[in-house]
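Asker: Quick one: sequence plus predicted model below, questions after.
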Amino acid sequence: MQKTSNSQAPGGLFSDSRWEEIRARFPTLERRTYLNSCAYGAISTDVAKALRQYVNDRVEKGSDWDYWVQKNESVRGAVAQLLGADPDEIAITSSASAGINSVASALNFDGPRKKVVISDFEFPTNGQIWYAQEMRGAKVVRVAANDGYIPVENFEQAIDEETLIVAVTHVCYRNGAKLDIPAIAELARRNGALMLMDGYQGLGTIAIDAASSGADFIVGGMVKYLLGTAGIGFLYARGELIPDLTPTVTGWFAQADINAMDATRYDPAPTARRFEAGAPPVPNSYAAEAGLSIIREIGLPAIEARIGELTDAVRDAAREAGYSIATPADPAHHGPMVAIRAHDDAALVAKLGEAGIVTSCRGGNLRVALHFYNNASDIESLFTALKRNEDLLV
C-alpha cells in the first residue's frame, strides 16, 4: 500500500517526523491500531497528566471550588476560541444531550410554529429529545436520505413558515456523510426558523466558525475528536437570541449569581450560562482543557489537511480491494470517517479486535474513524486484517 504523504497545510509545515512526534503522545497507538475516534478519541499523555493533576489537587486541598470554577471558565474560553465565538455564547454542559434538552425546554410549541425538522442522519439523542417534545405540542418532520446522502433540496421541501427549529447533525455517525450546514441554515433563516447543529462527529477535525455556519445553536462534546473525556459537552447559543430564551431545564450554575444560593426564585444568567444546570463536571474539565489545548497547538487547518490525506488513502485502498463504501465519495460530503459495508458488522469489529485493531460499527457499516495521530501503517494493518475477513464484507 502506498504511504500517505505529508504536505504543507495552511497551519504550517508538518513533516512525517513531526506527525510521529505528535503520535507518540498517544500511548494506546503503541499497543493498538486505533481507528475508533468517532466513538472515543485516543487518550494522550497530556490528558492523562491532567486527570492525575485533578486527583493530586483533591488529595492536597480537599476541595477548591474557586479553582474548579476557573477550570470551567477556561474550558468555556477554549470552546469559544474553537468556534470563533464569544465566551458569553458558550454553555458548558454534561453532554450534547443536556445542551439540546436545555434549548428544547426554552421553546414554545403553543404558537403557529410547531414543526421540528430533523433528518435520517441524527444520532439517537437528537431524534429522541425532539420526539419527546411532541408531548408539548411539537410536530417532528424527518428528512429522508437519498442513497447515503441528504441534498439541500430535501430540506427545502420540509422547512416552511410552520417550522420552529431545524435540528440536524453535521456529520452522520453511521456513514460519515457531512451535510451542507450553511445552506440548510440559510433555508431555516429564510423561513424564520431557528437552526441547531449537532457537531459531535466533526468538531476537532473540521474548522467550524459559528457565525459562518449560520447555526443559532451548536452542541458538541469532548469524548471524540476533541480528545478529552466523557461527561462534558457544550452548547453555543447565538448571543442575540439568549435574552429571549428561558430554559425550564436548569440548575444553580445557570443562575445569574451562582453564589447567591437563593432557593426562592429563578434568576437565569444573562449569558449562555442560563443553558447550564448543576455543578460543573470538574475532573472532566481538566481533561477537556488538555484535549482542546492539543487541538489548538496543532491547528485545525493542519488537522483537516492531515485527515483528508488519511481518508483518501482509506477510500483508495477500499476501492482497490473491491469493498463497498457507504460514505459519500465527494470529500465535501464526508467528514473524518470512512464507512465500509459489511454483512455482519459486529462480527467484523470483533475479528479486527482480535488482531489488535480498534474499530466500531453502526447500521451495517464498519466505521474507520481517523484522526491526525493515525498514519499509513494503521491503514496498512487494517486492510491486511480486512483481507483475512472478506467473507464478512459486502
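Answerer: Thanks, I have it.

Asker: now the helices for the stretch 51-200 of the chain?
Answerer: Assigned by DSSP state H, counting those that start in this stretch, the stretch 51-200 of the chain shows helices spanning 65-83, 96-105, 124-132, 152-158, 181-190.

Asker: deepest of those helices, which one?
Answerer: Across those, averaging neighbours per residue (mean count of other C-beta atoms under 10 Å) puts helix 96-105 on top, at a mean of 23. All C-beta atoms are positioned from the backbone trio N, CA, C, and that covers glycine.

Asker: Need the mean per-residue confidence for that helix.
Answerer: Averaged across helix 96-105, pLDDT comes to 98.

Asker: and the strand with the most length in the chain, what's its mean pLDDT?
Answerer: Across the chain, the longest stretch assigned as strand under DSSP state E is strand 163-169. For strand 163-169, mean pLDDT rounds to 98.

Asker: which intervals of the protein have sub-threshold pLDDT?
Answerer: 1-13 (pLDDT under 70).

Asker: what about the strands in it?
Answerer: Under DSSP E, the chain gives strands at 8-9, 12-13, 33-34, 90-93, 115-119, 139-143, 163-169, 194-198, 217-221, 233-237, 337-341, 357-358, 360-362, 365-369.

Asker: can you redo these as CSV with distance to Ala183 and mean neighbour count?
Answerer: Output for these, formatted as CSV (distance: least, C-beta to C-beta, whole Å; neighbours: other C-beta atoms under 10 Å):
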stretch, distance to Ala183, mean neighbour count
strand 8-9, 26, 15
strand 12-13, 31, 10
strand 33-34, 34, 23
strand 90-93, 25, 28
strand 115-119, 13, 24
strand 139-143, 13, 17
strand 163-169, 11, 25
strand 194-198, 11, 26
strand 217-221, 16, 29
strand 233-237, 19, 28
strand 337-341, 21, 26
strand 357-358, 35, 20
strand 360-362, 26, 20
strand 365-369, 25, 28
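
Asker: which parts of the longest helix along the chain are buried?
Answerer: For the chain, the helix that runs over the most residues, judged by DSSP state H, is helix 300-321. Going by neighbour count (16 or more other C-beta atoms under 10 Å), the buried part of helix 300-321 is 300, 302-311, 313-315, 317-318.

Asker: Out of those, flag the one nearest to Pro87.
Answerer: Nearest to Pro87, judged by C-beta to C-beta, of these is Leu300 at 18.7 Å.

Asker: In space, what's closest to the closest one - neighbours in sequence excluded?
Answerer: Distances taken as C-beta to C-beta, 6 or more residues apart in numbering put Ala207 closest to Leu300, at 4.1 Å, once the chain neighbours are dropped.

Asker: one step back: want to throw the strands of the chain into TSV with distance to Phe155?
Answerer: Formatted as TSV, the strands of the chain follow (distance: least, C-beta to C-beta, whole Å):
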stretch	distance to Phe155
strand 8-9	32
strand 12-13	37
strand 33-34	35
strand 90-93	26
strand 115-119	7
strand 139-143	6
strand 163-169	7
strand 194-198	11
strand 217-221	17
strand 233-237	21
strand 337-341	22
strand 357-358	35
strand 360-362	23
strand 365-369	23
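
Asker: for these, which one sits closest to Glu289?
Answerer: Using C-beta to C-beta, these put strand 90-93 closest to Glu289, at 11.0 Å.

Asker: now what about that closest one, what contacts it?
Answerer: Applying C-beta atoms under 8 Å, 6 or more residues apart in numbering, the external contacts of strand 90-93 come out as 72, 75-76, 79-80, 83, 99, 102, 219, 232-237, 272-277, 280-281, 285.

Asker: Ile357 - nearest residue in space that isn't next to it in sequence?
Answerer: Thr33 (4.3 Å).

Asker: quick one, what contacts Ser97?
Answerer: Thr125, Ile129, Gly233.

Asker: From those residues, pick the one nearest His333.
Answerer: The closest of these to His333 turns out to be Thr125 (C-beta to C-beta; 23.3 Å).

Asker: wait, what's in contact with the closest one?
Answerer: Shown in contact with Thr125 (C-beta under 8 Å, 6+ apart): Ala96, Ser97, Ile100.

Asker: how does it look with 10 Å?
Answerer: Thr125 makes contacts with Ser95, Ala96, Ser97, Ala98, Ile100, Asn101, Asp198, Tyr200, Val219, as judged by C-beta atoms under 10 Å, 6 or more residues apart in numbering.

Asker: I'd say Met195 and Arg238 touch.
Answerer: Yes - using C-beta atoms under 10 Å as the test, Met195 is close enough to Arg238 to be in contact (9.3 Å).

Asker: so what's in contact with these two at the same time?
Answerer: Shared contacts of Met195 and Arg238 (C-beta under 10 Å, 6+ apart): Gly214, Ala215, Asp216, Phe217, Ile218.

Asker: Just put those in TSV and tack on distance to Arg25.
Answerer: TSV is the format used below for these (distance: C-beta to C-beta, whole Å):
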residue	distance to Arg25
Gly214	35
Ala215	32
Asp216	36
Phe217	33
Ile218	28
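
Asker: looking at the helices of the stretch 51-200 of the chain, which is closest to Asn389?
Answerer: Nearest of those to Asn389, taken as C-beta to C-beta: helix 124-132 at 28.0 Å.

Asker: Just the CA trace of that closest one, in CSV.
Answerer: In CSV, the C-alpha atoms belonging to helix 124-132 read as follows (Å, rounded to 0.1, in the frame of the first residue of the first chain):
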residue,chain,number,x,y,z
PRO,A,124,-30.5,8.8,18.6
THR,A,125,-30.4,11.6,21.3
ASN,A,126,-31.3,14.3,18.8
GLY,A,127,-34.3,12.4,17.5
GLN,A,128,-35.4,11.2,20.9
ILE,A,129,-35.3,14.6,22.5
TRP,A,130,-37.4,16.3,19.8
TYR,A,131,-39.9,13.4,19.6
ALA,A,132,-40.3,13.9,23.3
